[in-house]
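Novice: Okay, sequence plus prediction incoming.
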Amino acid sequence: MKRIVYTNNEGGVSIVCPSASWASTMEKLALKVVPEGIPYEIVDAADIPTDREFRNAWEYDKGFKINAAKKQVILDKRADKEKDVLIQAKIREQAITALKAEGKLTADGKLVVSIK
């Protein structure tokens, strides 16, 4: 199967897959879907990377490659999310410890509520 590949306005790679009902040529589909003036290529689907981990860092110019700077941004965001998860877990742990120390949390994790 063939695919249409081009660099979109956001600097990413767009991949167009024709629907099963498309009965015309890939060139006609490209004229229909690729913005005017944007270069494109028709490639074999097998030439498109199957590893999508860094999909937002892909670039295309006679072949796919991963932009190192974009890849680093993805890795940095992933690390920030992982740090946030660890920080939130630490905050919960500290809150539980404080509640237990104040006698407001039972050993099995139930909150002690006193109604006045």
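Specialist: Looks like it came in fine. Numbers count the residues shown, from 1 in each chain.

Novice: State whether V43 is indeed within a helix.
Specialist: No: read with DSSP: H, G, I helix; E, B strand; the rest coil, V43 is strand and lies in no helix.

Novice: List the contacts of it.
Specialist: V43 makes contacts with K2, R3, I4, V5, as judged by CB atoms under 8 Å, 6 or more residues apart in numbering. C-beta coordinates here come from the backbone N, C-alpha and C atoms, glycine included.

Novice: top of those residues by neighbour count?
Specialist: Compared across the contacts of V43, V5 has the highest neighbour count, 22 neighbours, by other CB atoms under 10 Å.

Novice: Return the backbone torsion pair for it.
Specialist: Torsion angles at V5 (phi, psi; degrees, to the nearest 10) stand at phi -120, psi 130.

Novice: give the contact list for it.
Specialist: V13, S14, I15, V16, Y40, E41, I42, V43, I48, Y60.

Novice: Let me see the domain layout of the protein.
Specialist: 2-66, 68-116 (automatic domain parsing).

Novice: and V34, what does it touch?
Specialist: Here V34 is in contact with I4, Y6, V16, Y40 (criterion: CB under 8 Å, 6+ apart).

Novice: Among those residues, pick out the one closest to D76, please.
Specialist: Y6 (27.3 Å; CB to CB).

Novice: thinking again about what came up before, of the contacts of V34, grab the buried ones for ChimeraX.
Specialist: Typed into ChimeraX, the line below selects the buried ones among the contacts of V34, using 16 or more other CB atoms under 10 Å:
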select :4,6,16,40
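
Novice: Which of the contacts of V34 fall within strands?
Specialist: Counting by DSSP state E, the part of the contacts of V34 found in strands is I4, Y6, V16, Y40.

Novice: could I get the residues you listed as a markdown table with distance to L29 and pLDDT?
Specialist: As requested, these are exported to a markdown table (distance: CB to CB, whole Å; pLDDT from 0 to 100):
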| residue | distance to L29 | pLDDT |
| --- | --- | --- |
| I4 | 6 | 97 |
| Y6 | 12 | 96 |
| V16 | 7 | 97 |
| Y40 | 10 | 96 |
